[in-house]
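> What follows is a predicted structure for the sequence shown.
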Amino acid sequence: MVRIARLVRRSRATAPLAATSLAAAGLAVTSLAAVALAATSPAATARETEPKATGNRPLLVTVDDLPVAGGMHSDAAERRRITEGLLAALARHHVPAVGFVIWSHVKDAADESLLDLWLQAGHELGSHSDRHLNLTTADAETWIADGERARVALDGFLSARGRRLRFFRFPFLCEGDTEAKVDVPGWRGPARGTSP
C-alpha cells in the first residue's frame, strides 16, 4: 500500500532556490510554489516563533502529471528535453523529488523511458491516478477504479525495476466533497493505505 504524499514540513531556504531553477527549465511546478507561499504565510511566521525541533527538517519536493505535464507536448524529443532539463535542475541543487504519474499519459516505450530517467536520477515515482479524475466531481466507484488501475500498472512498472510504489497524490488535491467520498468504505487503496 502507499500513502498520500503531503508537504508536512517546509523549508524556507530551499524552496525559492529550487523553484527558480525549475522555472528556468521552463516548467511550472505548483508544489514548489505552494511551499514558497506557505513558508511566508502568517501561519508559517507563527510557527517560526514556536520552539524549533532539533534535527533536520525534510522537504518533500513533488512534481505532478508525469510524464511531462499531462501529455501537453506531442513530440517525443521535446518531452525528453523537458524531462532532462527538470532533472538537471533538481540534480544541480541536490533536491530529491517524487514525480507523480498520470498512468494514462504513459503511452509507449518513449514515455516509460522518461519515467526511467526519474528513477535513474534517484527520485521516486508515485501515482496520480490513471485519468486524473477529480473526486469532487466523479462518483466514488469510478474514482476508485481509476486509482486502482493506475496503482496496479505503476506498481508493475516499478516492481520490474526493483522499486516499489509508496506515494499517491489526489488529482487536484481534492479528497472528496461528501463524507461518503472522504471516507470511502472498505477502500484501502493508494489514497488510504499505509506503507509497511
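Looks like it arrived, so ask away. The model shown is predicted, which means the values in this text are computed figures rather than measured ones.
> Average pLDDT for the host helix or strand of residue 77, rounded please.
Assessed by DSSP states H and E, residue 77 sits inside helix 76-92. Here helix 76-92 scores 94 as its mean pLDDT.
> Over to stretch 134-151?
Rounded mean pLDDT across stretch 134-151 is 89.
> list the buried ones in it?
135, 138, 140, 143-144, 146-151 (16 or more other C-beta atoms under 10 Å). Any C-beta I mention is one placed from the backbone N, CA and C, and that applies to glycine too.
> Pick the one among these closest to residue 86.
residue 150 (21.3 Å; C-beta to C-beta).
> Any chance of CSV for the buried residues of stretch 134-151, columns distance to residue 81?
Below are those laid out as CSV (distance: C-beta to C-beta, whole Å):
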residue, distance to residue 81
135, 33
138, 34
140, 39
143, 34
144, 36
146, 30
147, 31
148, 33
149, 29
150, 26
151, 30
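> Could you point out which of these is nearest to residue 171?
residue 135 (7.4 Å).
> and the closest one, what is it in contact with?
Taking C-beta atoms under 8 Å, 6 or more residues apart in numbering, we find residue 135 in contact with 143, 170-171, 174-177, 181.
> what about the longest helix in the chain?
Assignment by DSSP state H gives helix 140-159 as the longest helix of the chain.
> Summarise which helices and strands that helix is packed against.
Packing partners of helix 140-159 (3 or more C-beta pairs under 8 Å, 6 or more residues apart in numbering; DSSP states H and E): helix 109-120, strand 124-127, helix 179-182.
> Using JSON lines, lay out these together with mean neighbour count, distance to residue 155 and mean pLDDT.
Shown next, in JSON lines, are the helices and strands packed on helix 140-159 (neighbours: other C-beta atoms under 10 Å; distance: least, C-beta to C-beta, whole Å; pLDDT from 0 to 100):
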{"stretch": "helix 109-120", "mean neighbour count": "16", "distance to residue 155": "13", "mean pLDDT": "96"}
{"stretch": "strand 124-127", "mean neighbour count": "24", "distance to residue 155": "8", "mean pLDDT": "95"}
{"stretch": "helix 179-182", "mean neighbour count": "12", "distance to residue 155": "24", "mean pLDDT": "72"}
